[in-house]
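Q: Need a 3D model of the sequence below.
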Amino acid sequence: MEFKPCIVIPVYDHEGPLPKIVERLQAHGWPCLLIDDGSRPSCAGIMRGLADQHPGVRYLRQDKNQGKGSAVKLGILEAQRLEYSHAIQIDADAQHDLDDLDKFLAAARSNPQAVVIGQPVFDESVPKIRYYARYLTHIWVWINTLSFTIRDSMCGYRVYPVNTCIALMQTTALGNRMEFDTEILVRLYWREIPIISLPTRVGYPEDGVSHFRLWEDNLRISLMHARLFLLMLLRLPKLLGRKRR
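A: Okay, the predicted model is just below:
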């Protein structure tokens, strides 16, 4: 298949940083899918305006907030409908370094079957509690894959091969909220999809908006890790055999 990427940006009330992100992407000619996850009218209006202003921007809306995972899945489905080969997921809160986009795309072009994921290089703006807490997820991911291949499963800067993800989504009920980013990587690894990690700078803008719900999302993530662990035990012989190979 021809390498034909698009940008997928899940959005929930990020009207502040979004226009600058879209303008930078459009300056380089990258097609963008803005997936509105039930944002308030002011944010929805900005997204509609961006789609009207830029021919390379498409706007899709879920009227009710269903979660980041749900929005990304909708974006991947739309990418397939529009015959894109790869979907580059970028968060809408301006944490990701768009200067690294060419590096991610080059890796995906050279390895079209692989998922390319960001391995964050944090600056001083990162909240310490979030920095250290993410290691709990790292440890569970390494246990559930018996591998250190997935260096950071929580970074939302990544490139998905569209048809590979659709094949997984058609047979597996993936989480709809913050657990999605981790779960899809573990399940793709189980399917022996190559995963490439690239260092990328990640910052936390002072005016950034986070929709991470401390108790609810941590509970969802914990339940997801427990479910994956039980499923990993069923796959243990295959994973061990893979390590021996």
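
Q: Which residue lies nearest the spatial centre of the protein?
A: The chain has Gly156 as the residue nearest its centroid, 3.8 Å off, counting by C-alpha atoms, centre = their mean.

Q: quick one, what contacts the residue of the chain most remote from its centre?
A: Distance from the C-alpha centroid of the chain peaks at Arg244, with 30.1 Å (C-alpha atoms, centre = their mean). By C-beta atoms under 8 Å, 6 or more residues apart in numbering, the contact set of Arg244 is empty. C-beta: built from backbone N, CA, C; applies to glycine.

Q: how far away is it from Lys238?
A: Counting by C-beta to C-beta, to the nearest Å, the gap between Arg244 and Lys238 amounts to 11 Å.

Q: before we move on, what about Ile46?
A: Distance of Ile46 to Lys238, given as C-beta to C-beta: 47 Å.

Q: These two: which has the busier surroundings?
A: Legend: neighbour count by other C-beta atoms under 10 Å for Ile46 and Lys238, higher for Ile46 (20 against 12).

Q: Tell me the secondary structure at that one.
A: Following DSSP: H, G, I helix; E, B strand; the rest coil, we place Ile46 in the helix state.

Q: Can you give me the pLDDT of the spatially closest residue to it that is not a sequence neighbour?
A: Leaving aside its chain neighbours, Ile46 sits nearest to Glu15 (4.6 Å; criterion: C-beta to C-beta, 6 or more residues apart in numbering). With respect to pLDDT, Glu15 scores 89.

Q: isn't there a strand covering Glu15?
A: No - applying three-state DSSP, one finds Glu15 to be coil, outside a strand.

Q: What segments of this protein are strands?
A: Taking DSSP state E to define them, one finds strands in the chain at 5-11, 32-37, 57-62, 86-89, 115-122, 158-161, 195-202.

Q: how about a markdown table for these, with mean pLDDT added?
A: A markdown table is the format used below for the strands of the chain (pLDDT from 0 to 100):
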| stretch | mean pLDDT |
| --- | --- |
| strand 5-11 | 97 |
| strand 32-37 | 97 |
| strand 57-62 | 97 |
| strand 86-89 | 98 |
| strand 115-122 | 94 |
| strand 158-161 | 98 |
| strand 195-202 | 95 |
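
Q: Let me have those strands in JSON lines, extended by distance to Met178 and mean neighbour count.
A: Shown next, in JSON lines, are the strands of the chain (distance: least, C-beta to C-beta, whole Å; neighbours: other C-beta atoms under 10 Å):
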{"stretch": "strand 5-11", "distance to Met178": "11", "mean neighbour count": "25"}
{"stretch": "strand 32-37", "distance to Met178": "12", "mean neighbour count": "25"}
{"stretch": "strand 57-62", "distance to Met178": "16", "mean neighbour count": "18"}
{"stretch": "strand 86-89", "distance to Met178": "14", "mean neighbour count": "24"}
{"stretch": "strand 115-122", "distance to Met178": "16", "mean neighbour count": "20"}
{"stretch": "strand 158-161", "distance to Met178": "15", "mean neighbour count": "26"}
{"stretch": "strand 195-202", "distance to Met178": "16", "mean neighbour count": "18"}
